[in-house]
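Q: structure for the following, please:
(chains A and B)
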There are 2 protein chains.
Amino acid sequence: MEKMDFLIEKIEKEGGVQEPDIIKVDGFINHQLDIKLLNQIGKEFQRRFGSLKIDKILTIEASGIAIASITAQYFDYVPVVFAKKAPIDSPEDSRFFESKAFSFTKKIESKIRVSKKFLKKNENVLILDDFLAHGNATNCLMDMVKQAEGNVVGVGVVIEKGFQDGGKLLRKMGINLESLVIVEKIENGKLFYK
Amino acid sequence: MEKMDFLIEKIEKEGGVQEPDIIKVDGFINHQLDIKLLNQIGKEFQRRFGSLKIDKILTIEASGIAIASITAQYFDYVPVVFAKKAPIDSPEDSRFFESKAFSFTKKIESKIRVSKKFLKKNENVLILDDFLAHGNATNCLMDMVKQAEGNVVGVGVVIEKGFQDGGKLLRKMGINLESLVIVEKIENGKLFYK
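A: Numbers count the residues shown, from 1 in each chain, chains lettered A, B, ... in the order given. From the prediction side, this is the model:
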């Protein structure tokens, strides 16, 4: 992996750690958004996935939306689709592909869904998100692409928590995963990068 | 108001109506996103608000995020902040500005909030959103800017439902409101524009 200096610098300067394992990037990625930084991120995803044929970018609300939208500009303005979170007890709806995710951060199970209108057979889909930890959201997104009989041609995340197992499992499955930054461990409030 | 032909054409071709008053734009604005269209929207907001001093764009998750992020590129990459929705019974948190909104579409009351770190005194804030109907979300966002002692210098929405009272109330308050398209009425499944 290349050193993503612009991103690491930003995390070190404006981010933070909340023990035991929360990486705080709410000042530039998932509450307040630094649009120039997102453009740098988009360009970097283009550098890594740009040789592939990509028909659509799939992400999940809310924090994936800005990343996916800005990045799509570097992929010839392909459509972006964001999966929506629904209450776990919401009735099934045959107009949607549905999958269940467990959020370790929020300690709740939730349902995510995408309208069947927006994921099609044989489409080449790039999945993007801000974080990869246990891989639950990513697995749900992949599951829905599979239900639609599309192809996941790549998964791009801004920050991978290398000390949780999502990344390892995806690589073992042969998924074309690109993490711009991998945090290997958190110790005494400090981040260590791979 | 100028005729926003590119937008009306898109709504007529790819949008739809769900009686009695839902305007369906999930194919390009709030589930699947047409990034080229969002760039046209961003440019148009720039044309309308570009002469103002704007420090920050404020919106609300989820459908406002893409609009605000793409638009910020035309406002010299000012930071975007998106308000988050929280369950109505979530405990108060003094680190956040909070306001309560009632969604007529979803028939639920919800709490929205923004970290106090990201709205500051005397900041000039442009509020952007996809829809303006009864104005609940907009009023919440304005309320939080007020709590922060900032200035709302403008409110921009892609589609105003002119047959509901949000727009009228904002104009009566003297708010600098720009709606790219105003739908005056819906009749027999057809949209009529102002």
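Q: touching the helix or strand bottoming out on mean pLDDT in chain A from outside, list them.
A: The helix or strand of chain A with the poorest confidence is strand A:96-103; it has a mean of 89 (mean pLDDT, DSSP states H and E). Strand A:96-103 is contacted from outside by A:86, A:88, A:92, A:108-116, A:119, A:136-137, A:139-141, A:143-144, A:147-148, using C-beta atoms under 8 Å, 6 or more residues apart in numbering or on different chains. Any C-beta I mention is one placed from the backbone N, CA and C, and that applies to glycine too.
Q: and with 10 Å instead?
A: For strand A:96-103, contacts defined as C-beta atoms under 10 Å, 6 or more residues apart in numbering or on different chains pick out A:60, A:83-86, A:88, A:90, A:92, A:108-119, A:133-148.
Q: near chain B, from the residues you listed?
A: A:60, A:83-85, A:113-115, A:117-119 (C-beta under 10 Å from any C-beta of the partner chain).
Q: which ones among those map onto strands?
A: A:60, A:83-85, A:113-115 (DSSP state E).
Q: just the buried ones out of those, please.
A: For these, a neighbour count by 16 or more other C-beta atoms under 10 Å in any protein chain shown gives the buried set as A:60, A:83-85, A:113-115.
Q: could you name the helices and strands sitting against the longest helix seen in chain A?
A: Criterion DSSP state H: the longest helix present in chain A is helix A:35-49. With contacts taken as 3 or more C-beta pairs under 10 Å, 6 or more residues apart in numbering or on different chains; DSSP states H and E, helix A:35-49 sits against helix A:5-14, helix A:63-72, strand A:124-132, strand A:151-161, strand A:177-187, helix B:63-72.
Q: of these, which is nearest A:Asp55?
A: Shortest distance between A:Asp55 and the helices and strands packed on helix A:35-49, using C-beta to C-beta, is found for strand A:124-132: 4.8 Å.
Q: who does the closest one pair up with?
A: Strand pairing for strand A:124-132, using DSSP bridges, gives strand A:56-60 (parallel), strand A:151-161 (parallel).
Q: pick the most buried one from those.
A: Stretch with highest mean neighbour count among the strands paired with strand A:124-132: strand A:56-60 (a mean of 26; mean count of other C-beta atoms under 10 Å in any protein chain shown).
Q: report the contact partners of the residue nearest to the spatial centre of chain A.
A: Closest to where the C-alpha atoms of chain A average out (C-alpha atoms, centre = their mean) is A:Asp129, at 1.5 Å. Applying C-beta under 10 Å, 6+ apart to A:Asp129 gives the contacts A:58-60, A:63-64, A:67-68, A:135, A:137-138, A:141, A:155-159.
Q: what does A:Lys116 give?
A: Counting by C-beta under 10 Å, 6+ apart, A:Lys116 has contacts A:93-97, A:144, A:147-148.
Q: so A:Glu109: helix, strand or coil?
A: strand (DSSP: H, G, I helix; E, B strand; the rest coil).
Q: okay, now it: neighbour count?
A: By other C-beta atoms under 10 Å in any protein chain shown, 11 other residues sit near A:Glu109.
Q: identify the bridge partners of it.
A: As for beta bridges, A:Glu109 partners with A:Phe102 under DSSP bridges.
Q: A:Gly166 reaches A:Leu132, doesn't it?
A: Yes: counting by C-beta atoms under 10 Å, A:Gly166 touches A:Leu132, with 4.8 Å between them.
Q: who touches both of the two?
A: Joint contacts of A:Gly166 and A:Leu132 (C-beta under 10 Å, 6+ apart) are A:138, A:155, A:157, A:160, A:177, A:179.
Q: turn the residues you listed into TSV, columns for pLDDT.
A: Output for the shared contacts of A:Gly166 and A:Leu132, formatted as TSV (pLDDT from 0 to 100):
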residue	pLDDT
A:Thr138	96
A:Val155	98
A:Val157	98
A:Glu160	98
A:Leu177	98
A:Ser179	98
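Q: list just the nearest of these to A:Phe75.
A: The shortest approach to A:Phe75 among the shared contacts of A:Gly166 and A:Leu132 belongs to A:Val155, at 14.6 Å (C-beta to C-beta).
Q: check contacts around that closest one.
A: Contact analysis of A:Val155 by C-beta under 10 Å, 6+ apart lists A:49, A:58, A:125-129, A:132, A:135, A:138, A:141-142, A:166-167, A:170-171, A:175-179.
Q: again, 7 Å this time
A: Residues near A:Val155 by C-beta atoms under 7 Å, 6 or more residues apart in numbering or on different chains: A:127, A:138, A:170, A:175-177.
Q: name whatever forms a beta bridge with A:Leu58.
A: Applying DSSP bridges, one finds that A:Leu58 bridges with A:Val81, A:Ile127.
Q: pLDDT at it, what is it?
A: Predicted confidence (pLDDT) for A:Leu58: 98.
Q: need the pLDDT of A:Met1.
A: 44.
Q: and A:Thr105, by the same measure?
A: 68.
Q: in JSON lines, list the strands paired with strand A:124-132 along with distance to B:Leu37.
A: Shown next, in JSON lines, are these (distance: least, C-beta to C-beta, whole Å):
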{"stretch": "strand A:56-60", "distance to B:Leu37": "15"}
{"stretch": "strand A:151-161", "distance to B:Leu37": "23"}
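Q: tell me which of those strands lies nearest to A:Lys43.
A: Judged by C-beta to C-beta, the one of the strands paired with strand A:124-132 that comes nearest to A:Lys43 is strand A:151-161, at 12.1 Å.
Q: quick one, the closest one and helix A:35-49 angle?
A: 130 degrees (axes from the mean of the first three to the mean of the last three C-alpha atoms, to 10 degrees).
Q: right, and the helix or strand after strand A:151-161?
A: Next helix or strand after strand A:151-161 toward the C-terminus (DSSP states H and E): helix A:166-172.
Q: so what secondary structure elements neighbour that following helix?
A: Helix A:166-172 sits against strand A:177-187, with contacts defined as 3 or more C-beta pairs under 7 Å, 6 or more residues apart in numbering or on different chains; DSSP states H and E.
Q: list the buried ones in the strand it packs on?
A: Under the neighbour-count rule (16+ other C-beta under 10 Å), strand A:177-187 has A:177-183, A:186 buried.
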